[in-house]
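Student: sequence plus the predicted model coming up.
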Amino acid sequence: MTRKSPANSLKAVLDRASAPDVPAQAAEPAAETKAPTARARRRIGGAAAGGNTGAAPVTPARVGTKMIGGHFAPEVSTRLRLLAVEEDTTVQALLEEAISDLLTKKAGRKPR
């Protein structure tokens, strides 16, 4: 009997776990027997060429920037994402605007 595999990988894992006739270990091969993914091959190639060892490739838009983060209540995240949709912008742009306003208010000058 062949089962159609679901498009959602989480659903596939749950289906395999709930299947009485297929043991969970037999459903997926061990990690060392898997062929490397395209992303893994890019990482290996980058490391061999003297690039970042083990780090994911850097998106060009992120070159020269630093990550700033924080932990907030889920409601704050939801409201921020909704505001981004309403304003037809991104959360990144809203945060940049808010930080710029804060620095102007506190330091008395605009950031670069």
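Tutor: Ah, there it is.

Student: make it CA atoms for all contacts and neighbour counts henceforth
Tutor: Fine.

Student: measure residue 61 to residue 106 for me?
Tutor: As judged by Cα to Cα, to the nearest Å, residue 61 and residue 106 stand 28 Å apart.

Student: now swap in residue 74 and tell me
Tutor: For residue 74 relative to residue 106 (Cα to Cα), the value is 27 Å.

Student: quick one: low-confidence parts of the protein?
Tutor: 1-8, 21-54, 109-112 (pLDDT under 70).

Student: can you map out the helices along it?
Tutor: Secondary structure of the chain (DSSP state H): helices located at 9-18, 24-27, 38-48, 74-86, 91-107.

Student: looking at the ones you listed, which is nearest to residue 67?
Tutor: Closest of those to residue 67 is helix 91-107, at 10.8 Å (criterion: Cα to Cα).

Student: now do that closest one: which elements does it pack against?
Tutor: Packing partners of helix 91-107 (3 or more Cα pairs under 8 Å, 6 or more residues apart in numbering; DSSP states H and E): helix 74-86.

Student: quick check: buried residues in the helix it packs on?
Tutor: Of the residues in helix 74-86, 80-81, 84 count as buried by neighbour count, 16 or more other Cα atoms under 10 Å.

Student: what helices or strands is that helix leaning on?
Tutor: Against helix 74-86 (3+ Cα pairs under 8 Å, 6+ apart) you get helix 91-107.

Student: the helix it packs on vs helix 74-86, what angle?
Tutor: In terms of direction (axes from the mean of the first three to the mean of the last three Cα atoms, to 10 degrees), helix 91-107 departs from helix 74-86 by 110 degrees.

Student: now do the buried residues in helix 91-107.
Tutor: Neighbour-count burial for helix 91-107, counted by 16+ other Cα under 10 Å, picks out 91, 94, 100-101.
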